[in-house]
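> I'd like to go over a predicted model; first the sequence, then the structure.
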Amino acid sequence: MEETSLDSEQNVAGQGSGRFQEIESDDQNSEKIESDELFVQNGVQIEANGLDDHNCVTEDGQKEFVAPAVGMEFESYDDAYNYYNCYSREVGFRVRVKNSWFKRNSREKYGAVLCCSSQGFKRIKDVNRLRKETRTGCPAMMRMRMVDSKRWRVLEVTLEHNHSLGTKAYKTIMKTGTGNKKKLDSNCNAEVQTIKLYRALVIDAGATRNANFSARRCQTSSDCHDKLNLRKGDTQAMYNYFCRMQLTNPNFFYLMDLNDEGQLRNVFWIDARSRAAYAYFVDVIYIDNSYLSNKYEIPLVAFVGTNHHGQSMLLGCGLLAGETKASYVWMFKAWLTCSLGRFPQTIITERCKVLETAIHEVFPRSLHRFALSHILRKVPEKLGGLRNYDVIRKALFKTIYEGLKPFDFEAAWRVMIQRSGVGDHEWLCSLYNDRAKWAPVYLKDTFFAGMATARSNETLTAFFDKYVHKQTPLKEFLDKYELALQKKFKEEALADMESRSSNPELKTRCSFELQLSKVYTREIFKRFQLEVEEMYSCFSTTKLHVDGQVVIFLVKERVLEEGNRREIRDYEVLYNREAAEVRCICSCFNFYGYLCRHALCVLNFNGVEEIPSKYILSRWKKDYKRLCALDVESSFTESTEQVQWYSQLYISALQVVEEGVISLDHYKVALNAFEESLSRVHHIEEKTK
């Protein structure tokens, strides 16, 4: 095993009954908070009481309007419109309504998109040749919708502009309701009304808690990534949480990174169940830093894997002071420390150079790939301002998903670039340069265990997606963390019981379906069963080329396209009977862990009635955990460190616990086994005295 060390200035670690060292926050260095509550939102300080009602006041005494953010709520559409207008005047741009949605019967407005006046491009026939074109395809916008409470909630915000902004001298046009045609007396009064509205919505978002220090100061300070931006009470909340976990979770592990002043900089922790799961499912890991890169209240990074049911599972998480190489390296080494240095086979992340550098340093033997779904989410932001955006987007998706060989991808990309005239587009050029790490045609030798997004309807979702929003504070997250893990554990336990106690319904007479119905877990079998059913869409299997024992077959398939039309596609499949090897150009086995319909057709064509064992992965089997535990145990030697003994004993005991809750009889046997084992261990201890 490779030795792993943590090269940070200070670290505080805890495991099992280890002692937790309380870390003092920097409250003593922050500004004194008087009786009036203070909170920080988007880099602007706002007092809850006693603040000048006309503006938001920053540290340097300047007046600044609060920027829009996802989660804001307003009493009406007019209030939201007026707020965005006030904000636009302060920043220096004009606002127009891009889209509005109305209910069919009542004509009541329920959704809208407000955007910069420079958004989009004018149609050629609408262009006035005597007037200068002012539209630049600016992406700045605010999308909102009326929710159940009849309030208007902001769902999406883009703050960046692609053009120079004015000097905050634009005239603000205030919207008024149909029943009130009187305009507000002054822009000052408009700001009074809007700030008061915003104060209410911030309280609704749960942001009225005390802050340790000014976010604006952190943005301008050189050491803003040297400590966590914690609110008052967050350190105590973490202390309480870790103490509680040590009492209830013996194999719980945590590690803390302190700066030179003793302030908390980075934190990593992993509970006992997640540590046990890591021993089984270390092959493919998704490092989710979306909470950090999208500036959530909690700078969370999560390690996510997939279990034998194809369910996502947490394999550790932590908080980082910032998106720096040093922080990521510390986090990855902390994770390796608790996992006994076992390296993942494949690591999936968003496309980020800092992250890429850190992974290359800490996981040199792992394959690092970019999540395609993350890249495609940025397409509207990066390309939305182009004149022929819809055409480019459609061509891009066709290039990504329909090419079977690198040559196909390269040719389709060149055509897209030439026809659209975007050869010098910076984002597209950088994307093309990184194509070997995200385009499916280049990833066919990479194993993804079902975590690939090689099909157009697939995406990688955040593990805490339904539990965390941008304004969720740390104290609330620690409670939701427990809820999320408990729900995942229950889902896995239920799937285990269903897989063992029921036999899936067979839909064909194919021998492959019957064979794997007895082996795979219920969910994975359903996915494989779909491939068996779709064998009937493959209407032709012919020999294309013979080279000794290796035969290349051509399989034709009718593929359903847009508009319910069928398109015929050709798939090449390599088959070697002597080596029991079959490989399809679609690489379904590497992407998802089971054979595709094209490979099954070739096996069937050659009279093979059972799938070769090398294509039946143990990680998808019903009894995988039991088999995995035995393999790990047999690989241990007498020189094994005590920490390895502890981890293996815990994994084995946890397996007995999971099996023991299936029924009352299982429970009695498991309990007796534990009691007998403990008695025998005590007997050995007495003999050595």
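Happy to help now that I have it. These numbers come from a predicted model, not from an experiment.
> those helices in the stretch 401-550 of the chain, which residues are they?
Remark: helices assigned in the stretch 401-550 of the chain by DSSP state H, counting those that start in this stretch are 406-420, 426-433, 474-501, 511-517, 522-533.
> quick check: buried residues in the fourth one?
It refers to helix 511-517. Within helix 511-517, the residues that count as buried by 16 or more other C-beta atoms under 10 Å are 512, 513, 516, 517. In short, each C-beta sits where N, CA and C put it, glycine included.
> that helix: how far from the chain's middle?
In terms of C-alpha atoms, centre = their mean, to the nearest Å, the centre of helix 511-517 is found 34 Å from the chain centre.
> looking at the helices of the stretch 401-550 of the chain, which is closest to residue 72?
Residue 72 lies closest, by C-beta to C-beta, to one member of the helices of the stretch 401-550 of the chain: helix 474-501, at 18.4 Å.
> quick one: the helices in the stretch 101-250 of the chain, in order.
187-204, 215-220, 234-248.
> how about the contacts made by the nearest residue to residue 579 once chain neighbours are set aside?
Once flanking residues are discounted, residue 579 sits nearest to residue 549: 7.2 Å by C-beta to C-beta, 6 or more residues apart in numbering. Counting by C-beta atoms under 8 Å, 6 or more residues apart in numbering, residue 549 touches 576, 577, 578, 579.
> let's see 10 Å
Shown in contact with residue 549 (C-beta atoms under 10 Å, 6 or more residues apart in numbering): 575, 576, 577, 578, 579, 581.
> and the gap between it and residue 572?
Remark: distance between residue 549 and residue 572 (C-beta to C-beta, to the nearest Å) = 17 Å.
> quick check: domain ranges of this structure?
72-122+133-158, 234-371+472-490, 373-442, 511-622, 636-686 (the TED database).
> can those domains go into CSV with extra columns for mean pLDDT and distance to residue 164?
Putting these into CSV (pLDDT from 0 to 100; distance: least, C-beta to C-beta, whole Å) gives the following:
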stretch, mean pLDDT, distance to residue 164
domain 72-122+133-158, 84, 9
domain 234-371+472-490, 90, 24
domain 373-442, 92, 15
domain 511-622, 94, 41
domain 636-686, 70, 58
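> quick one, which of those domains is packed in tightest?
Between the domains of the chain, domain 234-371+472-490 has the highest mean count of neighbours, a mean of 20, where neighbours are mean count of other C-beta atoms under 10 Å.
> can you give me the end-to-end span of that one?
Using C-alpha to C-alpha, to the nearest Å, the end-to-end distance of domain 234-371+472-490 comes out at 29 Å.
> distance between that domain and the chain's centre?
12 Å.
> tell me the SS of residue 97?
Here residue 97 is strand, with the state taken from DSSP: H, G, I helix; E, B strand; the rest coil.
> what sits against it?
81, 112, 113, 114, 115, 175.
> kindly report the same for residue 305.
274, 277-278, 280-286, 311-316, 344, 449, 451, 463.
> please flag which of those residues sit within strands.
Assigned to strands by DSSP state E, the following of those qualify: 284, 285, 286, 312, 313, 314, 315, 316.
> residues contacting the closest residue to residue 102 other than its chain neighbours?
Excluding its sequence neighbours, the residue lying closest to residue 102 (C-beta to C-beta, 6+ apart) is residue 109, at 5.4 Å. With contact taken as C-beta under 10 Å, 6+ apart, residue 109 is in contact with 76, 77, 100, 101, 102, 103, 145, 146, 152.
> give the contact list for the nearest residue to the first one once chain neighbours are set aside.
Right, the one you point to is residue 76. Across the structure, with C-beta to C-beta, 6+ apart as the measure, the residue nearest residue 76 apart from its sequence neighbours is residue 152 (6.6 Å). Neighbour list for residue 152: 72-81, 83, 109-112, 144-146, 201 [criterion: C-beta under 10 Å, 6+ apart].
> hmm, try it at 6 Å
Residues in contact with residue 152 (C-beta atoms under 6 Å, 6 or more residues apart in numbering) are 74, 77, 80, 144, 146.
> of those, closest to residue 614?
Nearest to residue 614 among these, with distances taken as C-beta to C-beta, is residue 144, at 53.7 Å.
> all strands for the stretch 101-250 of the chain, in order.
Per DSSP state E, counting those that start in this stretch, the stretch 101-250 of the chain carries strands over the ranges 109-116, 141-146, 152-158.
> can you state the direction angle for the first one and strand 152-158?
Per axes from the mean of the first three to the mean of the last three C-alpha atoms, to 10 degrees, the angle that strand 109-116 makes with strand 152-158 is 30 degrees.
> strand 109-116: partners in the sheet, and parallel or antiparallel?
Take DSSP bridges as the rule and strand 109-116 pairs in its sheet with strand 95-102 (antiparallel), strand 141-146 (antiparallel).
> identify the residues contacting the last one?
When contacts are taken as C-beta under 6 Å, 6+ apart, the neighbours of strand 141-146 outside the stretch itself are 68, 80, 84, 110-111, 113-115, 152, 154-158.
> and for stretch 618-625?
Residues from elsewhere that reach stretch 618-625, judged by C-beta under 6 Å, 6+ apart: 280, 308, 499, 500, 519, 520, 521, 524, 655.
> ends of it, what's the gap?
For stretch 618-625, the end-to-end distance is 9 Å (C-alpha to C-alpha).
> and for stretch 440-447?
First-to-last residue span, stretch 440-447, C-alpha to C-alpha: 12 Å.
> got a list of contacts for it?
Outside stretch 440-447, the residues touching it (C-beta under 6 Å, 6+ apart) are 345, 346, 367, 403, 406, 409, 436, 454, 587, 590.
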